[in-house]
Each structure stands twice: as structure tokens, then as C-alpha cells.
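Colleague: 3D, please:
(one chain, ligands or ions: 1)
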Amino acid sequence: MPRYEKIWMIFGFASLILFLAILGIMAAFMGLNPPDSLRTTVAPEKVETAPPFDQPGVYQIGPKEYRVVMLSYVFGYNPGTITIPQGSTVHFEATSRDVIHGVYVPGTNINLMLIPGHITEFTQTFNKPGEYLYLCHEYCGVGHHLMQGRIIVEPSTT
Ligand code: CUA
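Modeller: Predicted coordinates:
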């Protein structure tokens, strides 16, 4: 084998080992986890029997303030429709029952990743009335493209 070829092979192999080692160290020791995951976890096998995800839904917690407890699954969301009055602030708490899903609402800042065992939290205020589609944007199987829900923001009369 020519000398240069040997040098380049050793170099290539060594850099591969180096990068894999860096990846391994980061994953194992540097806490490479979803944001906030240490505080907000849920046992995946109990997700449907323990609060809050045993009762997914939309809960009013104050004037124009709502809490949405959302469970995602292949291929849908519970709740699949969220109806709130204009100007409402919504605190989302969401997770997945099975595989990784997403919640993406075009035109807003909502772009969530739902990971089994982790609770994803997000707060959003809806000032513009209308119908907002939310979509799964993490590929999750054959029905991925069908996975969606709606947020209906009703015009306020006051
Ligand atoms: Cu759920 Cu894609």
C-alpha cells in the first residue's frame, strides 16, 4: 500500500473514532436532553392513567387563561380541537403516548416536540380570531401526514 494512502486511512479512521467518542461523551455525561426534561417528566407506561394526562382537555384557569393538557398518539391528538375566545393565553402541557410527535402551528411561535416520558410546556396568546391548524412535524409513521388538530379562536364581542 502506498505510504500516503496509509497515512490518510489512519487519519480518516482516527477522526471517526474521535467524533464518535465526542458524541458518546456528550450523550452520556453532558445532559443532552430535551429542555426542562428533568423537571417535567412522566412515566410513559402510566401516561394514560396518571394525572394530568388521564384527562386531556382544555381547562379554564382564569379570565382568558386556559390550560391545555394534550396527549398525542399515532395518529392524532387529544384534544383534537381547542376552542378559546380571542385574546386568550394558553398554557400547553403535552406529551406522547407512543413515539415522537410534534406540534407545529403555522403563523405562530408554536413548534413543539413531544417525546414519550417528557412533558413539553409552552405558553401562547391568541389575539387574532380564526382557525389555526396544528400539524405533526416529526415523522411518526404511515399516518403522519394525517395527524392534525385545530385551534379555534372565537372573535370576542367585548
Ligand atoms: Cu405524529 Cu408525525
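Colleague: can you map out the helices along this structure?
Modeller: Here the chain has its helices, by DSSP state H, at 3-29.
Colleague: got the residues of it near the ligand?
Modeller: Selection of the chain residues close to the ligand by C-beta under 6 Å from any ligand atom yields F75, H101, C136, E138, Y139, C140, H144, M147. (Each C-beta comes from the backbone N, C-alpha and C, glycine too.)
Colleague: among these, who's most crowded?
Modeller: Counting neighbours by other C-beta atoms under 10 Å, the top entry in the residues of the chain next to the ligand is H101, with 30 neighbours.
Colleague: can I assume that one is in contact with G76?
Modeller: No - H101 lies out of contact with G76 (C-beta atoms under 8 Å); the separation is 9.4 Å.
Colleague: that older thread, between the residues of the chain next to the ligand, which sits nearest P52?
Modeller: Of all those, P52 sits closest to H101, with 17.5 Å by C-beta to C-beta.
Colleague: now the residues of the chain next to the ligand in JSON lines, with pLDDT?
Modeller: Shown next, in JSON lines, are the residues of the chain next to the ligand (pLDDT from 0 to 100):
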{"residue": "F75", "pLDDT": "94"}
{"residue": "H101", "pLDDT": "95"}
{"residue": "C136", "pLDDT": "96"}
{"residue": "E138", "pLDDT": "94"}
{"residue": "Y139", "pLDDT": "94"}
{"residue": "C140", "pLDDT": "95"}
{"residue": "H144", "pLDDT": "95"}
{"residue": "M147", "pLDDT": "96"}
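Colleague: could the residues you listed go into JSON lines alongside distance to K64?
Modeller: As requested, the residues of the chain next to the ligand are exported to JSON lines (distance: C-beta to C-beta, whole Å):
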{"residue": "F75", "distance to K64": "32"}
{"residue": "H101", "distance to K64": "28"}
{"residue": "C136", "distance to K64": "28"}
{"residue": "E138", "distance to K64": "31"}
{"residue": "Y139", "distance to K64": "35"}
{"residue": "C140", "distance to K64": "33"}
{"residue": "H144", "distance to K64": "34"}
{"residue": "M147", "distance to K64": "29"}
